[in-house]
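Chemist: what follows is a predicted protein model with its sequence.
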Amino acid sequence: MHIGSNHKRSFLLLMLLTCGMAMATETNFTGSVSAKKVVYFGHQSIGQNILNGIRNNFPAVVVEGIDAAKIQSNSKITIINSFIGRNGFPFEKMDDFANILRRPDIANTINIAAMKLCYVDFNKDTNIDAVFLRYKEMINTIENSNKNLVLVHFTVPLSVAPSGIKPFIKKLLGRPFTNNVYRNQYNELIRKEYGKTGRLFDLAMYEATSPDGTASSFKYEGKPMQSLYEGYASDEAHLNEKGQQVLSVRFLEFIDAIK
């Protein structure tokens, strides 16, 4: 499979975005490709935010829990999903994801799979290189065992940039003033490895980009780093209604473009 582009489809989806929530909820996402996409998506809370955006804005897209007795759908896109692991334990999430893909009821149903690590999985105690290497090893193992399954990748979601005196104090102490630093470092590894494959959903980039195209960012040691655009945030890191709408459109565009 490879990733194609369809400007007409993207234009229509973006029109839904700019015309407001009411129009989006009344319009079904049907896609433009003939092959059905059945996706398994392992995630935690930000993934749930994205799925809420799909449910609220694109009712023709079927979103089911992993333990649904039998999934029958005429939708161009069906998303089977579940929580994986515990927040703060990225290796546990990877193990859960790999084990779920070994289930015959899942393996025989899906043709695309993705997992997303969470913003809380990255902090000053995270061994970023070890997490990345473990992720690569897991992906290679799954790909070697299932040649027909398309694995897609996610950058890690972000939090809003901190304000007030706290960042200043942390800087004086020689410490990163936000865990976004560690998230950005991991995301750079993911982009370098998978960015050219066409199978990377750059969640962090979309979270950091405002509707007018301005990037939400800060500098750390002279290097620009991405942060969550405040207009998409319901709190430090979760998505509000607008953020859910934006990310759900981007995610459906991405999945729909897989050939």
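Modeler: Alright, I've got the coordinates.
Chemist: show me what contacts the closest residue to E143 other than its chain neighbours?
Modeler: The shortest distance from E143 to any non-neighbouring residue, by CB to CB, 6 or more residues apart in numbering, is to L151 (6.2 Å). C-beta here means a position set from N, CA and C on the backbone, and glycine is covered the same way. Under the criterion of CB atoms under 8 Å, 6 or more residues apart in numbering, the contact list for L151 reads I112, A113, A114, I139, I142, E143, R199.
Chemist: relative to A237, which of those residues is nearest.
Modeler: The closest of the contacts of L151 to A237 turns out to be A114 (CB to CB; 19.5 Å).
Chemist: might one say that that closest one is in contact with H153?
Modeler: Yes. Judged on CB atoms under 8 Å, A114 makes contact with H153 at a distance of 7.1 Å.
Chemist: quick one, helices of the stretch 1-150 of the chain?
Modeler: Taking DSSP state H, counting those that start in this stretch as the test, the helices found in the stretch 1-150 of the chain are 7-19, 21-25, 45-57, 90-101, 104-107, 128-145.
Chemist: nearest approach to T209 belongs to which of these?
Modeler: Going by CB to CB, the one of the helices of the stretch 1-150 of the chain nearest T209 is helix 7-19, 12.6 Å.
Chemist: where does this protein dip in pLDDT?
Modeler: Applying pLDDT under 70 to the chain picks out residues 1-34, 69-72, 163-177.
Chemist: can you pull out the strands in it?
Modeler: Taking DSSP state E, the strands of the chain run over residues 37-43, 62-65, 77-83, 112-115, 150-154, 200-201, 217-220, 223-226.
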